[in-house]
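Engineer: Curious how this folds, go ahead:
(one chain, ligands or ions: 1)
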Amino acid sequence: MTQRLYEIDAYCREFSATVLSCEKVDGGFEVVLDKTAFYPEGGGQAPDEGTLNSIAVLDVQEKGELICHKTEAEIPVGTQVEGKIDWDLRFSRMQSHAGEHIVAGIVHNLFGYDNVGFHMSEAVMTVDFSGPLSHEDIEKVELLANLAVRNNTAITAWYPSPEELAATQYRSKLDTTEGIRLVKIDGVDCCACCAPHPSRTGDVGVIKILDSCPRKKGTRIEMVAGIHAYKDYVYLHNAVKAVMGMLSASRDSVASAVSKQAELIQALKYENQKMSKKLAFYELNPTKIGDCAYAISENQSYDDLIFCANSLLESGVQKCILLSKTDEQNYIYVVSATTNVKDTVSALNSALNGKGGGRDTHAQGKVSAPNVDEVKSVIENLLK
Ligand SMILES: [Zn+2]
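Structural biologist: Next comes the predicted model:
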């Protein structure tokens with residue numbers, strides 16, 4: 001059985017131990033020590049990283065009562081090793097994990113919901129709760145969580161006796177009573193958990209709920225704690241400051257300044273579309289055949305062609321066929337008339353390998369032809 005130093009002292013970052021076994025495995029060596037401060041993967045938390053005698057520890061897994069370290073190089077049995085944990089990484093995970101316990105404990109106390117899903121990435125955690133939480137509920141939970149941090153409450157972990165366990169209310173209740181480790185935050189939470197935690201809530205630092213959405217019949221939240229909450233603040237602060245600079249806006253007016261910009265862009269887009277249609281008509285240069293007209297242009301949209309067709313009909317044209325070239329051999333078209341255009345459209349489609357259709361007096365589609373002269377000749381025949 002490997003002695004778990006992280007359970008005795010979660011702040012142990014360096015330790016001495018003896019190698020009990022070392023076996024060659026795929027991609028490295030599996031080393032078992034008499035004791036270790038390396039936390040193995042478990043309870044949603046990734047395994048610790050670090051070194052044994054300066055040899056990188058690539059993975060740490062629990063196998064029964066043993067903790068197996070996968071190392072880059074062989075360490076002979078009997079070697080005394082100095083273990084070093086990547087402390088920044090481990091401490092940030094302790095902050096995140098304890099932050100999650102605080103939030104889940106508060107949600108449980110206020111609303112009675114269970115934590116039914118927990119995923120911990122290196123920065124952001126997602127937590128699924130079994131019931132609905134409104135925006136106001138989440139704001140309240142976040143405030144209470146940060147007040148729990150401010151109170152610097154003790155966090156304790158221990159293995160209770162079966163009798164004590166049976167008499168204790170705790171989250172993540174398991175069927176077994178064997179080997180259950182409880183992590184208690186006074187007045188906030190008590191939960192079955194195998195991971196190392198800070199000794200007081202003050203070490204957790206800031207807790208921030210970033211987002212929430214309905215999930216099945218419950219709620220999924222995204223949250224950060226500790227150093228990751230600080231980094232998130234710096235990231236957003238810099239982003240907002242950049243926007244404030246670009247828009248010459250103060251903190252208080254930055255959101256409305258962005259909103260005004262969005263409205264302005266919408267208005268300009270609308271104006272631009274109107275101008276582009278007018279320009280399309282100006283550049284159309286249609287060929288008249290009796291009271292009909294046609295034109296072949298380039299890079300115009302269906303909207304542009306429809307606008308031009310309507311303008312031609314308003315000016316007294318009875319039927320028009322407008323095309324715009326999209327590449328070497330392909331065109332989009334619009335056919336509009338004061339009378340039914342179905343015959344014209346089906347003749348156009350069959351002559352130029354096209355497809356498309358529409359209403360009685362308006363149709364649109366695509367055609368193709370090896371050269372523009374063939375297109376012209378087909379259209380002129382149709383409009384004669
Ligand atoms: Zn936990």
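Engineer: Who does residue 69 form a beta bridge with?
Structural biologist: residue 31, residue 60 (DSSP bridges).
Engineer: Pull the number of nearby residues for it.
Structural biologist: Other residues near residue 69 come to 30 when the count uses other CB atoms under 10 Å. Where C-beta positions appear, they are placed from N, C-alpha and C, glycine not excepted.
Engineer: what's the following helix or strand after whichever helix or strand residue 279 is part of?
Structural biologist: In this assignment (DSSP states H and E), residue 279 forms part of helix 254-282. Counting by DSSP H and E, the element after helix 254-282 in chain order, helix or strand, is strand 287-289.
Engineer: average pLDDT for that next one?
Structural biologist: Strand 287-289 shows an average pLDDT of 94 in the prediction.
Engineer: and the helix holding residue 279, which residues are buried?
Structural biologist: 254, 257-258, 277, 280-281 (16 or more other CB atoms under 10 Å).
Engineer: same check, this time on stretch 51-64
Structural biologist: Buried residues in stretch 51-64, counted by 16+ other CB under 10 Å: 51-52, 55, 57, 59-60, 62.
Engineer: quick check: mean pLDDT across it?
Structural biologist: 97.
Engineer: Share the number of residues neighbouring residue 364, please.
Structural biologist: Neighbour count for residue 364, taken as other CB under 10 Å: 19.
Engineer: Find the residue closest to it in space, skipping its chain neighbours.
Structural biologist: residue 334 (4.8 Å; CB to CB, 6 or more residues apart in numbering).
Engineer: Correct me if wrong: that neighbour contacts residue 362.
Structural biologist: Yes: using CB atoms under 8 Å, residue 334 is in contact with residue 362, at 7.4 Å.
Engineer: got the residue ranges for the helices in the stretch 1-150 of the chain?
Structural biologist: With DSSP state H, counting those that start in this stretch, the ranges of helices along the stretch 1-150 of the chain come out as 5-8, 87-111, 135-150.
Engineer: Going by neighbour count, which residues of the shortest one are buried?
Structural biologist: It refers to helix 5-8. For helix 5-8, a neighbour-count test (16+ other CB under 10 Å) marks 5-7 as buried.
Engineer: list the helices and strands that helix packs on?
Structural biologist: Using 3 or more CB pairs under 8 Å, 6 or more residues apart in numbering; DSSP states H and E as the contact test, the elements touching helix 5-8 are strand 35-36.
Engineer: which element is residue 324 on?
Structural biologist: Here residue 324, judged by DSSP H and E, is contained in strand 319-325.
Engineer: same question for that strand, mean pLDDT?
Structural biologist: Mean pLDDT, strand 319-325: 96.
Engineer: any idea what sits nearest residue 119, other than its immediate chain neighbours?
Structural biologist: In this structure, residue 119 finds its nearest non-sequential neighbour in residue 126, 4.7 Å apart by CB to CB, 6+ apart.
Engineer: For the one you found, list the residues it contacts.
Structural biologist: Applying CB atoms under 8 Å, 6 or more residues apart in numbering to residue 126 gives the contacts 117-119, 220-223.
Engineer: who touches residue 45 in this structure?
Structural biologist: Residue 45 is in contact with 39, 93, 97, 120, 195, counting by CB under 8 Å, 6+ apart.
Engineer: quick one: the fourth one and residue 98 touch, right?
Structural biologist: In other words, residue 120. No: Residue 120 sits out of contact with residue 98 when judged by CB under 8 Å, with a separation of 11.6 Å.
Engineer: count of residues packed around the residue of the stretch 1-150 of the chain found nearest the ion?
Structural biologist: Residue of the stretch 1-150 of the chain nearest the ion, by CB to the ion: residue 43 (4.9 Å). Using other CB under 10 Å, residue 43 has 18 other residues around it.
Engineer: Which pLDDT value does the model give it?
Structural biologist: 87.
Engineer: quick one: it from residue 135, how far?
Structural biologist: 30 Å (CB to CB, to the nearest Å).
Engineer: distance between the ends of stretch 288-295?
Structural biologist: 9 Å (CA to CA, to the nearest Å).
Engineer: Buried residues in that stretch, which are they?
Structural biologist: So, applying 16+ other CB under 10 Å, buried residues of stretch 288-295: 289, 292-295.
Engineer: can you list residues touching both of residue 334 and residue 362?
Structural biologist: Contacts common to residue 334 and residue 362, judged by CB under 8 Å, 6+ apart, are 306, 309.
Engineer: So which of the two has more stuff around it?
Structural biologist: Remark: of residue 334 and residue 362, residue 334 carries more neighbours, 26 against 17, as counted by other CB under 10 Å.
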